[in-house]
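Enquirer: the sequence isn't on hand, but the structure is:
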């Protein structure tokens, strides 16, 4: 005999909601890294018929250096945001540390908090089976974590276009030309030459890539994107080439507009950056040329490059 049992229909619903399979992804980093976080988690959820829930807060609250924030609201993502408890609040940082510690003691397939153990591709994530609730953290910077659901990812990551005149006008120019996106990313101050080339791609890479594009593409128009556009313009050199510097989307909140413009280009000369990696990946031109730096600097960028793209020595 059950005494005092009073379970309403809402109570049953909440119990079932708690028990159903969930993948809770902790989004963090800049826009390019946020897209990698999302794509790997989305694939894990799809393959396990689980709900994807986005923690859009905890990955940014301690980012005092870069002051980044969640930037995926301008994409066609329909997954809901994590609630207070799904973010492990209160005392979220400490609770995550405990959960990480416990999970590391278990075999990978038994963990309920999944982190990368190394930068290289880890195929164990592809075979992980979700039972109940699992948290996924880290960046997962590799196309192989989601390329078997490429159509789903491309649909989710359709960008809601900015409607201002500057971006719309430039978009039209990009679509109506033999457009080539060039991205120059400054991981160190552009004023610290030549030391900065330990982390920044050097001018020689861009010269070689432009020469290669010029041989294969008729009348290319180059669109230069950079977090330091004035310095990038001086380094690349605008004279004698049909190059347009894209410098009107100035703050982090407008980064999605730059990646939207970039993704409309027909061909690409990318930096050692996940931002231009995604700009090239999202582009729909089936015949696109993507040139990438064979960069042996601080974070081994070439491991991210799909085989169909071409590495150029830097």
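Expert: Thanks, I have it. Since this is a predicted model, take the numbers as computed values, not measurements. Residues are numbered from 1 along each chain as shown.

Enquirer: can we go C-alpha only for contacts and neighbour counts from here?
Expert: Fine.

Enquirer: can you tell me the element residue 102 falls in?
Expert: Per DSSP states H and E: residue 102 is located in helix 92-104.

Enquirer: helices or strands up against the following helix or strand past that helix?
Expert: Per DSSP H and E, the first helix or strand lying C-terminal to helix 92-104 is strand 113-114. Using 3 or more C-alpha pairs under 8 Å, 6 or more residues apart in numbering; DSSP states H and E as the contact criterion, the elements in contact with strand 113-114 are helix 92-104, strand 133-136.

Enquirer: follow-up on the earlier one: what residues of the helix holding residue 102 count as buried?
Expert: By neighbour count on 16 or more other C-alpha atoms under 10 Å, the buried set for helix 92-104 is 96, 99, 100, 103, 104.

Enquirer: can you list the weak-confidence ranges in this structure?
Expert: 1-19, 188-198, 238-240, 297-299 (pLDDT under 70).

Enquirer: which residues in it form strands?
Expert: Along the chain, counting by DSSP state E, strands occupy 22-26, 51-55, 80-81, 113-114, 133-136, 178-184, 220-226, 243-246, 267-269, 290-294, 310-313.

Enquirer: need the contact partners of the second one.
Expert: Where contact means C-alpha atoms under 8 Å, 6 or more residues apart in numbering, the residues beyond strand 51-55 that reach it are 21-27, 41-42, 45, 79-83, 86-87.

Enquirer: from those residues, which would you call buried?
Expert: With burial judged by 16+ other C-alpha under 10 Å, the buried subset of these is 21-27, 41-42, 45, 81-82, 87.

Enquirer: okay, those residues in JSON lines with distance to residue 304 next?
Expert: Shown next, in JSON lines, are the buried ones among the contacts of strand 51-55 (distance: C-alpha to C-alpha, whole Å):
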{"residue": "21", "distance to residue 304": "30"}
{"residue": "22", "distance to residue 304": "28"}
{"residue": "23", "distance to residue 304": "24"}
{"residue": "24", "distance to residue 304": "24"}
{"residue": "25", "distance to residue 304": "21"}
{"residue": "26", "distance to residue 304": "21"}
{"residue": "27", "distance to residue 304": "19"}
{"residue": "41", "distance to residue 304": "18"}
{"residue": "42", "distance to residue 304": "19"}
{"residue": "45", "distance to residue 304": "22"}
{"residue": "81", "distance to residue 304": "28"}
{"residue": "82", "distance to residue 304": "29"}
{"residue": "87", "distance to residue 304": "29"}
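
Enquirer: fine, thanks again, bye for now.
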